[in-house]
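# predicted coordinates and the sequence they were generated for:
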Amino acid sequence: MTLAAPGPGTLGDLLDVRAATRGNHPLLICDNETLSYSDAAERSATLARGLIASGLSHGSRLGLIFPNGAAFAVATLAAARIGAITIPLSTFSTAPELRTLLRNAGVEMVLSAVRYRRHDYVERLGDALSELDFRTTAPPLFSTTVPSLRLVAFASSERRVDPAWTVPALLDAGRQIDAEVVPASQARITPSDRLVIVHTSGSTAEPKGVIHTHGSLLAHLRILNELRRYDEDQILFCNSPFFWIGGYAYALVGSLEAGATLVCSNAVEASDVLDVLERTRPTMVNGFAQSVAYLADDPTFPQRDLTSITRGNLYPIMAAAVRSVDPDLRHNMLGLTETGSVCLASDDESPQPEARRGSFGRPVPGLEAKVVEAETGDEVALGQEGELALRGPAVMDGYNGKERHETFDADGWFHTGDNVHVDGDGFFYFHGRAGDMIKTAGANVSPREVEAALVEETGLVAHVFGLEDPDHGQLVAAVIRVPSGTTAPDPTQITARLRRRLSAYKVPKRMVMLDEKDVPLMSSGKLDTRAVKDLVRAH
């Protein structure tokens with residue numbers, strides 16, 4: 001395929017074009033909530049005035065804590081229209097994690113839901129910002145914990161929160177601003193301006209903030225939309241969270257770029273999600289297949305009409321006629337936060353010959369790729385496994401707080417840490433992370449982060465690793481080394497304490513206490529990881 005034709009270079013300009021051409025067509029349907037293109041333009045302009053009135057401007061950093069839905073979409077569009085940088089924050093984040101993210105990213109304002117499922121963000125942000133009481137103090141905030149932060153605005157008011165800490169107060173302030181200030185601010189934004197910082201887990205415990213600019217991300221998504229034939233006639237159901245790159249870019253911004261409709265659901269019950277799917281009739285599906293497997297177990301599933309779905313990777317909810325009998329004979333795709341979502345893919349969705357089993361396609365147009373020896377950076381021989389290196393405009397602007405020489409080599413290549421090989425036809429095959437990252441239900445977990453938390457909670461040495469699991473890809477598992485002759489701690493109590501400091505998906509699902517003398521070691525004295533995994537499986 002050829003490179004997609006140029007389009008608007010900033011997210012605000014793209015929104016203006018879509019609002020003019022798509023009007024009342026739905027941009028987003030989330031459960032019982034519908035946001036049209038016109039609504040998105042109007043509501044984001046109103047919120048943008050509030051952001052300006054509260055001190056945000058070009059280059060300011062706005063944190064968002066929202067589940068998938070219109071509130072997230074409107075907020076990120078409002079920020080884009082004034083040149084502020086959106087920083088999506090995981091709804092799973094604990095108070096210590098939020099504190100670190102807010103401080104490291106230099107967040108100046110946070111817009112947040114009050115709660116989502118069992119997560120209470122008034123309580124959580126209060127714990128993260130120990131000097132702040134949302135009931136008795138008024139903004140602006142001057143925090144020693146997060147010095148850059150001036151305001152937190154919750155989506156709605158309740159008794160625990162002074163009205164000054166709410167989005168309604170923000171909107172009231174915005175009404176004092178001339179409406180023409182928003183288009184004037186938007187006119188200053190260039191394609192090279194920073195749009196978003198998305199955090200991803202790296203090979204160390206500290207999250208990395210990946211920076212993308214307006215122009216490069218939008219150009220990449222135009223290419224991806226052409227590759228996957230995603231246009232204004234399509235309806236996409238995606239279960240990727242908007243705070244990760246797949247949900248933010250591939251789903252939300254990609255849908256705006258296409259002029260299409262994005263469908264999502266925050267429902268807990270399988271029957272409610274299935275109701276949304278039947279009502280909205282998606283034509284495409286994308287996301288984490290393991291996370292929709294429970295839908296097929298619902299008693300009503302056999303009677304559901306999901307025949308509108310003809311393409312995608314959520315195989316558990318796709319009809320047999322369009323689902324691949326052997327998914328490994330269809331091209332997979334590789335996505336990275338650093339490349340604005342997908343970097344390896346193919347537009348050929350047909351079954352491939354056996355020799356191409358497990359293919360991840362070729363580099364997306366506009367990206368260069370090579371396979372190198374991790375230590376030297378030299379290219380390896382054809383067919384030999386090595387590290388994937390990428391270069392091109394879709395690759396991130398850099399990591400927040402890091403110099404370019406710390407991120408790219410002298411020739412501008414980004415070394416991904418993913419092990420691959422390439423065949424004679426240019427198709428790439430993924431072999432896993434060069435490091436020890438655990439991939440569980442689409443989320444990356446750093447073993448070092450979990451090990452550090454276990455050491456702090458127990459005072460004992462811990463080993464954390466991924467165990468293969470058919471439903472989640474991998475499960476987070478841990479072995480804790482107990483000195484001989486001492487009483488092992490209670491795993492239930494450890495789990496409860498970990499849940500107060502780590503996101504739920506990081507907390508080990510399998511935890512085994514091993515007497516120090518029973519820990520299997522290799523002749524070198526290092527941990528025998530394979531033997532340890534076998535022990536955990538046996539428990």
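That came through, no problem.
# nearest spatial neighbour of residue 404, chain-adjacent residues omitted?
Excluding its sequence neighbours, the residue lying closest to residue 404 (CB to CB, 6 or more residues apart in numbering) is residue 398, at 5.6 Å. (Each C-beta comes from the backbone N, C-alpha and C, glycine too.)
# quick one: what helix or strand has residue 466 in it?
Per DSSP states H and E, residue 466 falls inside strand 462-469.
# quick check: mean pLDDT across that strand?
Averaging pLDDT along strand 462-469 yields 89.
# contacting residues around it?
The list of residues contacting strand 462-469 from outside it, by CB atoms under 8 Å, 6 or more residues apart in numbering, reads 436, 438-440, 445, 447-448, 450-451, 454-455, 474-481, 508, 510, 527, 529, 532-533, 536-537.
# ok, now stretch 169-181?
With contact meaning CB under 8 Å, 6+ apart, stretch 169-181 is reached by 45-54, 111, 151, 153, 163.
# quick one: end-to-end length of it, please.
Terminal residues of stretch 169-181 lie 19 Å apart, using CA to CA, to the nearest Å.
# tell me which residues in it are buried?
Within stretch 169-181, the residues scored as buried using 16 or more other CB atoms under 10 Å are 169, 170, 171, 173, 174, 177.
# stretch 27-43 now?
27-31, 35-41, 43.
# pull the CA atoms of that stretch into CSV?
Extracted in CSV, the C-alpha atoms of stretch 27-43 (Å, rounded to 0.1, in the frame of the first residue of the first chain):
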residue,chain,number,x,y,z
LEU,A,27,-18.1,9.4,17.3
LEU,A,28,-18.5,7.3,20.5
ILE,A,29,-21.1,5.1,22.0
CYS,A,30,-20.3,3.8,25.5
ASP,A,31,-23.1,1.8,27.1
ASN,A,32,-26.1,4.2,27.2
GLU,A,33,-24.0,7.3,26.4
THR,A,34,-23.6,8.7,22.8
LEU,A,35,-21.3,11.4,21.8
SER,A,36,-21.7,12.8,18.3
TYR,A,37,-19.0,14.7,16.3
SER,A,38,-20.9,17.9,16.8
ASP,A,39,-21.3,17.2,20.6
ALA,A,40,-17.6,16.5,20.8
ALA,A,41,-16.7,19.8,19.2
GLU,A,42,-19.2,21.8,21.3
ARG,A,43,-18.4,20.2,24.6
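# pLDDT of the stretch of helix or strand residue 15 belongs to, averaged?
Following DSSP H and E, one finds residue 15 within helix 11-22. For helix 11-22, the mean per-residue pLDDT is 98.
# cool, and stretch 351-370?
The average of the pLDDT scores along stretch 351-370 is 93.
# look up phi and psi at residue 359.
Dihedral pair for residue 359: phi -60, psi 140, per degrees, to the nearest 10.
# no, scratch that, I was asking about residue 422
Dihedral pair for residue 422: phi -130, psi 140, per degrees, to the nearest 10.
# low-confidence stretches in the chain?
1-5, 201-206, 324, 435-436, 522-526 (pLDDT under 70).
# next, the residue of it most remote from its centre: secondary structure please.
Distance to the chain centre peaks in the chain at residue 485, reaching 44.5 Å (criterion: CA atoms, centre = their mean). The assignment at residue 485 comes out as coil when based on DSSP: H, G, I helix; E, B strand; the rest coil.
# and it, its phi and psi?
Backbone geometry at residue 485, expressed as degrees, to the nearest 10, gives phi 90, psi 0.
# can you report how many residues neighbour the closest residue to residue 21 other than its chain neighbours?
For residue 21, ignoring the flanking residues on the chain, the nearest one in space by CB to CB, 6+ apart is residue 259 at 6.9 Å. Residue 259 sits with 20 neighbouring residues when counted by other CB atoms under 10 Å.
# ok, now which ones touch residue 259?
By CB under 8 Å, 6+ apart, the contact set of residue 259 is 18, 21, 22, 25, 37, 231, 232.
# closest to residue 370 out of those residues?
Distance to residue 370 across those (CB to CB) is lowest for residue 231, with 32.0 Å.
# how far away is the closest one from residue 468?
Taking CB to CB, to the nearest Å as the measure, residue 231 and residue 468 are separated by 38 Å.
# swap in residue 85?
To residue 468, residue 85 is 38 Å away according to CB to CB.
# so what's the residue count around the spatially closest residue to residue 323 that is not a sequence neighbour?
Once flanking residues are discounted, residue 323 sits nearest to residue 315: 5.1 Å by CB to CB, 6+ apart. For residue 315, the count of nearby residues is 16 (other CB under 10 Å).
# separation between residue 315 and residue 68?
Distance, residue 315 to residue 68, using CB to CB: 21 Å.
# residue 214 too?
Going from residue 214 to residue 68 by CB to CB gives 22 Å.
# now residue 485
Residue 485 is 51 Å from residue 68, by CB to CB.
# give the other helices and strands that the biggest helix by length in the chain contacts.
The longest helix of the chain (DSSP state H) is helix 37-53. On a contact count with 3 or more CB pairs under 8 Å, 6 or more residues apart in numbering; DSSP states H and E, helix 37-53 meets helix 11-22, strand 26-30, helix 70-82, helix 167-174, helix 181-187.
# at 7 Å instead, please
helix 11-22, helix 70-82, helix 167-174, helix 181-187 (3 or more CB pairs under 7 Å, 6 or more residues apart in numbering; DSSP states H and E).
# same list (those helices) but as CSV, adding distance to residue 347.
CSV is the format used below for the helices and strands packed on helix 37-53 (distance: least, CB to CB, whole Å):
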stretch, distance to residue 347
helix 11-22, 23
helix 70-82, 28
helix 167-174, 41
helix 181-187, 34
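# so which of those helices is nearest residue 519?
helix 70-82 (45.0 Å).
# and the next element down the chain from the closest one?
Counting by DSSP H and E, the element after helix 70-82 in chain order, helix or strand, is strand 85-88.
# in the next helix or strand after that following strand, what counts as buried?
Counting by DSSP H and E, the next helix or strand C-terminal to strand 85-88 is helix 95-105. Within helix 95-105, the residues scored as buried using 16+ other CB under 10 Å are 95, 97, 98, 99, 100, 101, 102, 103, 104, 105.
# in space, what's closest to residue 395 - neighbours in sequence excluded?
residue 414 (5.1 Å).
# need the phi and psi values for the one you found.
The phi/psi pair for residue 414 (degrees, to the nearest 10) reads phi -100, psi 120.
# quick one, domains of this structure?
Per automatic domain parsing, the domain ranges recorded for the chain read 11-227, 334-433, 438-538.
# let me know which of the ones you listed is tucked in deepest.
domain 11-227 (a mean of 20; mean count of other CB atoms under 10 Å).
# mind listing the helices for the stretch 301-450 of the chain?
447-458 (DSSP state H, counting those that start in this stretch).
# so how far is residue 498 from the residue nearest to residue 404?
Here the criterion is CB to CB. By it, residue 398 lies 32 Å from residue 498.
# what does residue 25 give?
Computed as CB to CB, the residue 25 to residue 498 distance reads 45 Å.
# do residue 406 as well
Using CB to CB, residue 406 is found at 31 Å from residue 498.
# which elements pack onto whatever helix or strand comes next after the strand holding residue 466?
Next along the chain after strand 462-469, taking DSSP H and E as the criterion, comes strand 473-482. Here strand 473-482 touches strand 438-440, helix 447-458, strand 462-469, strand 510-515, helix 529-538, going by 3+ CB pairs under 7 Å, 6+ apart.
# identify all contacting residues around strand 473-482.
290, 438-441, 445, 450, 454, 458, 460-469, 488, 506-516, 519, 532, 536 (CB atoms under 7 Å, 6 or more residues apart in numbering).
# what lines up beside it in the sheet?
Strand pairing for strand 473-482, using DSSP bridges, gives strand 462-469 (antiparallel), strand 510-515 (parallel).
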